[in-house]
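1. let's see this in three dimensions:
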Amino acid sequence: MNGHVRPVIRTPDQRIRVFVSSTLRELADERRAVRAAIERLRLAPVMFELGARPHPPRGLYRAYLAQSDVFVGIYGDSYGWVAPDEKLSGLEDEYNLAAESMPKLIYIKASTQRDERLKSLIDRIRSDDTAAYLTFESAADLEDQVADDLAALLAERFDESRVAGDTELSAVTPSAIEKIPVAYTATIGREGDIERVCALLRQGESRVVSLIGPGGIGKSRLAIETARAVEDLFPDGIYFALLEGVLEPGLLVPTIAYTLGIRDNGEAALEERIAHALAGRRVLIVLDNFEQIVDAAPVLVRLYAAAPHATFLVTSRIVLRIRGEQVYEVGALPTPDGVGAATLDRTLRSSACMLFVDRATAVKPGFAITEENAPDIADICRRLEGLPLAIELAAAKVRMLTPRGIAERLERSLPLLTASVRDMPERHSTMRATIDWSASLLPDAHRGLFEDLGVFATRFTLEAVEALGAGRSWDGTALDSLAALIDASLVKQTEIDGRVVFSLLALVREYALDRLKIAGDADTMRAAHADYYRGFVVRTAPQLRGLEQADAVAQLGLELPNLRAAVRHLIYTDRLDDAGDFAWNLLIYWWIAGFFAEVRAWMLELLGKELPITQRTRAVAWFLALWGEMWQRPSEGVVAGLAECVRLFSESGDEDAAAMALAARATARLQLPTPDVTTAERELADAAERQHAVGNTWAEAITEVSRGRLAWLRGLPDDALKRFDRAAEIAEASGDLFTRSVAGNHQARLLLLRGDVDAAEDACVRTLLVSIRLRHEEGIAYGLEGLCAVAAARGDGERAGALSAAAAVIRHRIGVFDAEAFRVHTPQLDAARAADPAAVAAGERQGADLTIGEAIALALPDSDMDTLRRSLAEW
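-> Here you go, the predicted structure:
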């Protein structure tokens with residue numbers, strides 16, 4: 001709902017939320033009927049008798065409305081109470097605050113004695129084309145009517161999403177704000193914090209705004225909601241980088257680059273490419289969980305100095321202490337005033353208690369706050385010191401305990417548990433104790449799984465969990481145990497690209513891993529984790545060379561945090577040869593996804609241990625460490641180092657890897673101030689022959705592209721085209737999308753130089769479709785530039801200008817800039833500009849504002865749209 005055009009399959013804790021607005025006492029029977037209708041459809045009712053006082057504060061129902069999907073209004077006789085200093089009743093204010101895009105079902109009860117102000121409101125609603133105006137006679141009729149209308153609305157919206165997915169390319173292209181994680185529960189009690197942090201960002205005086213507070217205080221949620229609230233302030237994008245799996249300060253820059261969509265192919269320094277990508281752009285970059293790499297904080301100063309329009313919003317348990325930082329202390333949610341038993345009214349005025357009620361209602365739809373349980377809810381929230389995560393864990397227990405039962409158990413357990421972690425800051429110890437208490441209520445097998453899950457990084461799959469179960473107490477019960485942990489709010493379930501994945505919050509993961517260490521099982525489970533992902537890499541790596549390449553890249557991207565953790569463990573435990581195999585098996589992935597800086601850091605750490613390793617491992621480590629040097633700081637020493645890699649690979653019997661190193665050495669020769677073209681040409685030919693002999697079609701195709709580029713630079717376009725054709729033929733035969741895209745774009749550009757416009761257009765279209773399937777933005781930029789040249793050659797200056805500007809936007813955003821010799825669309829564009837400058841200028845203005853989806857729709861003929869649609873929708 002809420003304007004999304006893509007169908008979404010929600011997990012059980014992500015049910016569609018239906019906000020119900022009416023006066024409370026007057027229409028109590030009708031509200032019960034509506035609630036029954038909503039729950040009959042397994043949707044989530046958002047109703048103030050479930051979590052608010054009779055005259056709820058405006059900030060609270062605004063929060064509920066902001067995270068609801070459907071608005072249901074029930075109106076009878078009364079306009080409702082108008083609070084002191086207010087001009088409107090809550091009834092009218094709720095209608096006004098409901099988003100225009102939110103579907104609204106309005107039910108009017110027959111009446112002859114309606115308040116005049118309510119009559120005026122109903123007259124306004126009747127003329128509102130965003131609301132469905134309906135009438136009813138009795139509460140009994142209303143239940144069936146609401147159930148039928150909601151079912152029809154959901155069916156209609158799903159049909160619209162399918163139609164939009166088939167016809168609206170721009171709608172399926174994610175906006176920058178959609179890169180911020182979606183919260184599927186209401187954010188309660190943070191309205192003031194959001195406004196104050198937004199004000200700091202709007203002032204523009206601080207380049208880094210740090211949200212500081214202990215674990216579980218709600219920093220990440222505050223950052224997410226703030227980012228969504230300042231979308232207008234950062235028109236060029238808002239990006240969210242989760243750092244909880246990033247433990248080495250040296251990986252901050254690669255992580256930011258990855259978040260921005262910048263591939264690290266080794267050809268330029270990442271900080272330089274980030275600076276290019278952010279130049280002139282007003283962007284907000286959210287860095288979540290910064291405390292574990294706080295030593296990297298000075299990097300932010302360098303980045304914002306190079307990109308003066310970029311701003312960083314950081315969450316951390318500790319202050320960064322860098323120039324340009326503005327610190328905002330995130331506090332706990334307010335609990336009921338006083339120390340005695342709280343009244344219902346005082347409890348309902350507390351946002352901490354409102355959070356408890358909201359989360360309790362989500363797990364037990366029949367739950368309601370009453371005069372009887374209000375003091376216990378207040379007691380729970382006081383004992384938990386208003387810590388949101390602790391309150392959510394406690395609220396999850398209403399499935400099996402009453403608020404009184406929860407309060408009594410906390411009274412007995414919490415003081416003992418906090419005493420055992422006395423050396424921690426007070427609120428942090430309370431949070432840890434609450435997790436401990438929550439885990440203690442689990443059966444042994446479920447608790448055992450929970451602790452074992454601490455070895456996973458960020459997210460994990462059911463298959464991975466089951467693989468680690470051998471010999472554990474939960475072996476064979478992973479699915480049931482996971483379900484129990486989800487019920488206890490200790491594990492979250494979501495879906496990414498059609499794959500179900502699970503996750504733990506950072507603080508919960510820390511707790512689980514600590515318990516595993518205390519039990520003496522951490523090393524065993526980490527080794528099992530590393531072994532599973534070694535096997536996963538061995539199974540997945542062959543797919544990178546063939547027809548399953550796109551799916552393999554997606555799977556590896558999903559598991560990237562666990563791949564990092566596995567390599568880190570292998571190196572830390574001195575399993576250096578295993579670490580070398582792990583890194584080498586994923587060479588194609590590092591190339592396609594752009595992670596060479598990160599891999600280089602691992603390999604330098606491996607070599608720095610100075611422990612015995614095989615010749616092959618030494619060759620792997622040196623090759624991956626030298627890759628970036630080859631492009632950024634070419635020297636005779638780099639050429640000699642790659643020659644040593646060739647020797648080591650050959651002596652270890654790996655001719656496949658030796659051929660790769662030989663091709664790299666040839667490429668390094670071409671980067672020297674005085675290139676050795678003749679030797680490089682001979683080495684590339686030798687490498688291609690060796691790769692063909694061992695059946696490495698991926699490497700052979702890449703090497704043929706290099707041979708073509710060399711021939712092009714030497715002024716031999718016919719020879720170059722033969723090489724590109726050969727590379728494309730090899731890649732096509734094996735199903736290698738990446739090399740097909742690279743080779744195809746080179747083919748198209750050379751065909752344009754030769755004046756064969758029709759053949760060039762055909763090559764551009766084919767390779768653009770391939771790049772979309774692989775989600776390779778650099779390839780898309782090349783394709784758009786090629787079709788720009790085609791349009792220019794045919795006299796369509798406006799289309800040429802639009803495609804050129806759209807490609808420039810992509811290049812700018814991902815920090816990729818090409819050598820002038822290979823930017824072959826510029827002569828045609830210049831000619832078109834000379835012939836019709838107004839048309840090209842109009843196109844450039846249009847193209848600068850196009851999304852990727854819109855640019856591709858402009859570039860491709862209608863006959864190719866069916867092939868394109870699914871790939872774009874899944875991007």
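2. for residue 313, phi and psi?
-> Residue 313 has phi and psi values of phi -110, psi 120 when expressed as degrees, to the nearest 10.
3. what sits opposite it in the beta ladder?
-> Here residue 313 shows beta-bridge partners residue 209, residue 286, assigned using DSSP bridges.
4. mind checking how far it is from residue 326?
-> 10 Å (Cβ to Cβ, to the nearest Å). C-beta coordinates here come from the backbone N, C-alpha and C atoms, glycine included.
5. which neighbours do these two share?
-> Taking Cβ atoms under 8 Å, 6 or more residues apart in numbering as the contact rule, residue 313 and residue 326 both touch residue 209.
6. just want to know which of the two has more residues nearby.
-> residue 313 (25 against 14; other Cβ atoms under 10 Å).
7. helices of the stretch 1-150 of the chain, residue ranges please.
-> Along the stretch 1-150 of the chain, the segments classed as helices by DSSP state H, counting those that start in this stretch run 28-40, 58-66, 90-97, 116-126, 139-167.
8. quick one: buried residues of the first one?
-> So that's helix 28-40. 30-31, 33-39 (16 or more other Cβ atoms under 10 Å).
9. which one of the helices of the stretch 1-150 of the chain lies nearest to residue 825?
-> helix 139-167 (29.7 Å; Cβ to Cβ).
10. domain parsing for this protein?
-> With domains defined by automatic domain parsing, the chain comprises 12-167, 177-329, 344-440, 755-875.
11. make a markdown table from these and add distance to residue 467 and mean pLDDT to it.
-> Shown next, in a markdown table, are these (distance: least, Cβ to Cβ, whole Å; pLDDT from 0 to 100):
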| stretch | distance to residue 467 | mean pLDDT |
| --- | --- | --- |
| domain 12-167 | 25 | 77 |
| domain 177-329 | 19 | 88 |
| domain 344-440 | 23 | 84 |
| domain 755-875 | 27 | 84 |
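12. dump these into TSV; add distance to residue 711 as well.
-> Converted to TSV, the domains of the chain look like this (distance: least, Cβ to Cβ, whole Å):
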stretch	distance to residue 711
domain 12-167	44
domain 177-329	20
domain 344-440	61
domain 755-875	12
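13. of all those, which one comes closest to residue 747?
-> The closest of those to residue 747 is domain 755-875. By Cβ to Cβ, the value is 4.8 Å.
14. how about stretch 189-197 as PDB, C-alpha atoms only?
-> Provided in PDB are the C-alpha atoms of stretch 189-197 (Å, rounded to 0.1, in the frame of the first residue of the first chain):
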ATOM      1  CA  GLY A 189       7.600   8.700  21.300                       C
ATOM      2  CA  ARG A 190      10.300  10.100  19.000                       C
ATOM      3  CA  GLU A 191       8.400  13.000  17.400                       C
ATOM      4  CA  GLY A 192      10.400  15.600  19.300                       C
ATOM      5  CA  ASP A 193      13.700  13.800  18.700                       C
ATOM      6  CA  ILE A 194      13.000  13.600  14.900                       C
ATOM      7  CA  GLU A 195      12.100  17.300  14.800                       C
ATOM      8  CA  ARG A 196      15.300  18.300  16.700                       C
ATOM      9  CA  VAL A 197      17.600  16.100  14.500                       C
END
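15. just to revisit the earlier point, of all the domains of the chain, which one is nearest residue 544?
-> Among those, domain 755-875 comes nearest to residue 544, with 11.2 Å by Cβ to Cβ.
16. out of the domains of the chain, flag the one nearest residue 702.
-> Of all the domains of the chain, domain 177-329 sits nearest to residue 702, with 11.9 Å by Cβ to Cβ.
17. and the closest one, how far out from the chain's middle?
-> Relative to the mean C-alpha coordinate of its chain, domain 177-329 is positioned 14 Å out (Cα atoms, centre = their mean, to the nearest Å).
18. could you point out which element follows the host helix or strand of residue 407?
-> Here residue 407, judged by DSSP states H and E, is contained in helix 403-420. Tracing the chain C-terminally past helix 403-420 and defining elements by DSSP H and E, one meets helix 426-440 next.
19. got the buried residues for that next one?
-> Neighbour-count burial for helix 426-440, counted by 16+ other Cβ under 10 Å, picks out 427-439.
20. quick check: buried residues in the helix or strand following it?
-> Toward the C-terminus, helix 426-440 is succeeded by helix 444-452 as the next helix or strand (DSSP H and E). Applying a neighbour-count criterion of 16+ other Cβ under 10 Å, one finds 445-452 buried in helix 444-452.
21. check stretch 832-852 too.
-> 832-833, 836, 839-840, 843-844, 846-847, 850-852.
22. and it, how far out from the chain's middle?
-> Per Cα atoms, centre = their mean, the centroid offset for stretch 832-852 relative to its chain is 33 Å.
23. please apply the same query to stretch 472-485.
-> Offset of stretch 472-485 from its chain centre (Cα atoms, centre = their mean): 27 Å.
24. biggest separation within the buried residues of helix 426-440, which pair?
-> Across these, the longest distance by Cβ to Cβ is 19.0 Å; it joins 427 and 439.
25. distance of the residue lying farthest from the centre of the chain relative to residue 223?
-> Largest separation from the mean C-alpha position in the chain: residue 112, at 53.8 Å (Cα atoms, centre = their mean). Using Cβ to Cβ, residue 112 is found at 52 Å from residue 223.
26. contacts for stretch 145-154, please.
-> Residues from elsewhere that reach stretch 145-154 (Cβ under 8 Å, 6+ apart): 16, 18, 33-34, 37-38, 40-41, 43, 70, 72, 103, 105, 107, 132, 134, 136.
27. which ones among those map onto strands?
-> 18, 70, 72, 105, 107, 132, 134, 136 (DSSP state E).
28. for the residues you listed, which one is nearest residue 198?
-> Minimum distance to residue 198 across the ones in strands among the contacts of stretch 145-154 is 27.0 Å, recorded for residue 70 (Cβ to Cβ).
29. how near is that closest one to residue 29?
-> Distance, residue 70 to residue 29, by Cβ to Cβ: 21 Å.
30. if any of the contacts of stretch 145-154 are buried, put those into a PyMOL selection.
-> In PyMOL, this line selects whichever of the contacts of stretch 145-154 come out buried by 16+ other Cβ under 10 Å:
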select buried, resi 16+18+33+34+37+38+43+70+72+103+105+107+132+136
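31. out of everything not next to it in sequence, what's closest to residue 717?
-> Among residues not flanking residue 717 along the chain, residue 750 sits closest, at 5.9 Å (Cβ to Cβ, 6 or more residues apart in numbering).
32. could you pull out the buried residues of stretch 249-261?
-> Within stretch 249-261, the residues that count as buried by 16+ other Cβ under 10 Å are 250-261.
33. nearest to residue 120, of these?
-> Ranked by distance to residue 120 (Cβ to Cβ), the buried residues of stretch 249-261 are led by residue 259 at 49.4 Å.
34. now the closest one. Nearest residue, chain neighbours left out?
-> Residue 259's closest residue in space is residue 241 (Cβ to Cβ, 6+ apart), at 4.2 Å.
35. residue 320 too?
-> According to Cβ to Cβ, 6+ apart, the nearest residue to residue 320 is residue 297 (4.1 Å).
36. separation between that neighbour and residue 369?
-> Counting by Cβ to Cβ, the separation of residue 297 from residue 369 is 44 Å.
37. next one: residue 94
-> From residue 94 to residue 369 the distance is 19 Å (Cβ to Cβ).
38. okay, how far is it across stretch 393-400, tip to tip?
-> Start-to-end span of stretch 393-400 (Cα to Cα, to the nearest Å) is 13 Å.
39. run the chain-centre distance for it.
-> Here stretch 393-400 is found 29 Å from its chain centre; the criterion is Cα atoms, centre = their mean.
40. buried stuff in it?
-> Under the neighbour-count criterion of 16+ other Cβ under 10 Å, stretch 393-400 has 393-398 buried.
41. hmm, who's touching it?
-> Applying Cβ under 8 Å, 6+ apart, the contact partners of stretch 393-400 are 355-360, 363-364, 367, 380, 384, 405-406, 410, 434-435, 438, 441, 487-490.
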